[in-house]
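Chemist: pasting a predicted model and its sequence here:
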Amino acid sequence: MATPPSHRDAAKGRLPTLKGTLTHSHLRDAFALDAGAASLYGYFARIAEIEGYPEVATTLRELAEQKAMFADGHLDFLKKAGEPLTGRSIGETVRNLEAAVLIEEQDAVDRLPGHARTAHAEGFPDIASWFESVALARHHHLARLQAAKEDAR
Amino acid sequence: MTPASTGYSAADITVLTGLEAVRQRPAMYVGSTGPSGALHLVYELVQNSVDEAMAGHCSRISVTVHADGGVSVSDDGRGIPVGPHPTDGRPAIEVVLTTLHAGGKFGPQRPDGVAAYGIAGGLHGVGVSCVNALSDHFEVEVHRDGAVHHLSFLRGEEASPLTRTGDTTSTGTTIRFRPDPTIFEGVTLDIRTLRRRLQEQAFLHAGLTVELVDARGRSATTETFRYDGGISGFVGHLVAERTPLHPQPIAISGEHGGHHVDLALQWTTAYAEETLAYVNAIFTSQGGSHVEGLRAALTRVINQRARAEGLLHDDADEQIAGYDVREGLVAVLSLKMREPEYEGQTKSTLTSTSATGAVEAVVEGALTTWMDANPTAAAAIVGKALEASRARAAARRASERARYQSIDQVVSKEVYKQQFGIRSKNWHQSAAWITDDGILSTQADMWDGPDDAKVLDVCCGSGVVGNAFRGKVGHITGLDLTPEMIAMAETRLDIVKQGDVYEMPFESNQFDLVCNREVLHLLPRPDIPVAQIFRVLKPGGTFIVSQLVPYGPEDAPWFFRIVKKKQPLFFNNLMAEDMVKLLEDAGFVDIVMQDLVCWEDIDVWIDTWETPNLHRHEIRQLYYDAPAEVRRVHPFEIRPDGGILDQWRWVVLRGRKPSA
């Protein structure tokens, strides 16, 4: 971990580096929380709609929209220090696509097949099949992102 | 290039006024230039006549479909006014027929306090002029003020001016038009949909006679719809094919804050909910604020009643969820209100918030009173809702139990018996694929062995798969787990054994052909039955199997969610490639695979006890919100009434056990 920058650095007019600080890790946590909550509240909203609570659904949807915006705000700061999933710096499209390709690669090739094996071993064949289905789609996403990367160059 | 040829002046700006705009962009006005657009023209005219009926001036509407593709709509209303228009000077009827957004329903109340129309439906607010614009031939005859008047147009241009052609004592309007074939290319009128729409209007307006004359054939046929029972009759008509939970539909009618609410509802023993909602006689296919009010009232009344009867656990704060309350419900809601607001042009969703409270108040009061007066029926309704709630919990438990036991790869036969025994009653109606000729004949055509072959149909269900080989093989044995299925299969197959696929009750090397369909995805370990099938086949024997599969990686996760929500015992999202591998791994050789598709009515497919009401709604939502990647590869159709047709992909595989 980098040496924690002090207030004195700021006082001298030098901005501290974000990478490796506690604040950096807080931004990553906040991103995970808000991006997750945005999706979760969208899910809740659909159920509220079906259950006949239209006002609740509206509230949840509006909160989800806000949360997604918060997550974007966290990313604004994380751009240079690295996006939360791979730690790579992002910003312009070519670099964003490089990060996205890496995310899909890690997930499709490595993480999800491992998850599926574990689910099988633990006696959850349906969840294993779910992970496998998602991994399959991920391979397809990887191919699309690689093509997009070529286009962007 | 000379400056003149690149000139861009005011003269180059095209302003589309009036009817030419409609002819240039027809889809913008009537939705499409396909069958639904052509029907829309008829609806627009019918709706005008219905508005006359709602205003109390019309009792009969007649629609005739002619052999030349034309349609006549006539009513006995007041007749479109023919006198000079106060600002325009032209006859009012001419203004109405040639100007967009002109008509009797746009005006405010007149100084004498009487509006021409109090409450009106209207479709997209473009009116009859739009129909005129999109017709190659348009003719109108008005009976009004003791005289008959005639006026005609060709492609929206006046062909013969307003003429008085005779005397009459009657009133009314008759319009004959033909959708312009250069716009609606190759379109023939969908008379079945039109018939449903007209019948619906007769139901919605008690006492109104609606007639459909089909004059396309050598002799015309006439159907007449008139229902003095109104929307209660409508509910009775919808319930006809189901089993009602209480003998008569509940009829509710009331006023609240300028909203007139008419509701008829009846619970049935079915699982799916069917609620049709109308605002000023216009069908709102996606519901909206009025339907929300209805749902809120139903949930509150049923919960209150269940609590008052001591059926809910107070300590656990037990609640019956809205979707459980509505399981098996058939309802028609007709709301009449001034200036309704909708989302979008097609009026599919009502957004007026005042409607929620009005519907809620009327329904809550009247339904509570009805339940107090009909305690037996009320008990049946509340009991059904509680049962739905319990079944949902049970379905969850069933899949959890199956999961626990699958850790050591033992499957509880009881769980499968429960799942498949109970729905065997309506087995053949529960999905189109079960009796689909395409799948059955593809399987049968793959058989190229001798006609005295010994066949085994694994998980034979009602025996249709084995039976499809009849005539091409000798003796057919069936195998199934549930006594209900065995009883059904015995009517088709030569002998049916009870037993499970993990340990088949047969000696090795017995059969020339084993067939199976749509089973492997339901088993935690599909490789075991495939190995068993390999074992019971003679050397050189054939295995033919068909399976519903996703189209590709794009729709695989989406498809997984849909099937899992429908069927808790779904364990393997098998892809076409997985099927090949399953056969290869078991030792099968010479594997061939055929692809085919089959349209499946999703609403029928999910109308089973194993699919909780919440899941049914979630499945529909998955279709409505399907991601673009899914839509690109997986064809499905959402009908205007919100129903879903899915084009399923099936694979049929054949493998051979190597000869000794």
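Modeler: Now that the structure is in, tell me what you want to look at.
Chemist: do you know how far the residue lying closest to B:I644 once chain neighbours are set aside is from A:K19?
Modeler: Leaving out its chain neighbours, the residue that sits closest to B:I644 by CB to CB, 6 or more residues apart in numbering or on different chains is B:I602, at 4.0 Å. Quick note: C-beta positions are derived from backbone N, CA and C, even for glycine. Distance from B:I602 to A:K19, counting by CB to CB, to the nearest Å: 51 Å.
Chemist: the more surrounded of the two?
Modeler: B:I602 (23 against 14; other CB atoms under 10 Å in any protein chain shown).
Chemist: I'd say that one and B:Q621 touch.
Modeler: No: using CB atoms under 8 Å, B:I602 makes no contact with B:Q621, being 11.9 Å away.
Chemist: where's B:G328 relative to B:A321, distance?
Modeler: 14 Å.
Chemist: which element, helix or strand, includes B:S285?
Modeler: For B:S285, there is no helix or strand it lies in under DSSP states H and E.
Chemist: so it sits right up against B:I638, yeah?
Modeler: No: contact between B:S285 and B:I638 fails when scored by CB under 8 Å: they sit 9.6 Å apart.
Chemist: these two: who's more crowded?
Modeler: B:S285 (18 against 15).
Chemist: what's the nearest residue to that one if we skip its chain neighbours?
Modeler: Per CB to CB, 6+ apart, closest to B:S285 is B:S348, 4.7 Å.
Chemist: do I have it right that the one you found meets B:I282?
Modeler: No: contact criterion CB under 8 Å: B:S348 and B:I282 do not qualify, at 9.5 Å.
Chemist: between the two, which has more neighbouring residues?
Modeler: B:I282 (22 against 17).
Chemist: quick check, pLDDT for that one.
Modeler: Listed pLDDT for B:I282 reads 83.
Chemist: bridging residues for it?
Modeler: Beta-bridge partners recorded for B:I282 (DSSP bridges): B:V279.
Chemist: give me the domain ranges for the chain.
Modeler: Since you didn't name a chain, this refers to chain A. As given by automatic domain parsing, the domain ranges for chain A are A:17-84, A:88-153.
Chemist: not what I meant, chain B
Modeler: If you go by automatic domain parsing, chain B breaks into B:18-225, B:231-389, B:418-560+B:568-599+B:647-656.
Chemist: looking at those domains, which has the lowest confidence?
Modeler: Least confidently modelled of the domains of chain B is domain B:18-225, at a mean of 84 by mean pLDDT.
Chemist: okay, how far is it across that one, tip to tip?
Modeler: 36 Å (CA to CA, to the nearest Å).
Chemist: gap between that domain and the chain center?
Modeler: 28 Å (CA atoms, centre = their mean, to the nearest Å).
Chemist: to which secondary structure element is the closest residue to chain A within the stretch 151-300 of chain B assigned?
Modeler: Among the residues of the stretch 151-300 of chain B, B:R295 lies closest to chain A, at 3.5 Å counting by CB to the nearest CB. Using DSSP H and E, B:R295 sits within helix B:289-308.
Chemist: and that helix, how far out from the chain's middle?
Modeler: Using CA atoms, centre = their mean, the offset of helix B:289-308 from its chain centre is 25 Å.
Chemist: close to chain A: what parts of chain B are there?
Modeler: Proximity of chain B to chain A is confined to B:289, B:292, B:295-296, B:299, B:321-323, B:356, B:399, B:403-404, B:406-408, B:524-525, B:550, B:552-554, B:556-557, B:559-560, B:564, B:570-573, B:575, B:614, B:617-618, B:621, B:629 under the rule CB under 8 Å from any CB of the partner chain.
Chemist: isn't B:L523 right up against B:L574?
Modeler: No: proximity of B:L523 to B:L574 does not meet the contact threshold set by CB under 8 Å, at 10.4 Å.
Chemist: which one's more surrounded, these two?
Modeler: The residue with more neighbours, out of B:L523 and B:L574, is B:L523; 23 against 19, by other CB under 10 Å.
Chemist: tell me who's in contact with the more buried one.
Modeler: Going by CB atoms under 8 Å, 6 or more residues apart in numbering or on different chains, B:L523 touches B:411, B:501-502, B:529, B:571-572.
Chemist: between those residues, which sits nearest B:P244?
Modeler: B:F571 (36.9 Å; CB to CB).
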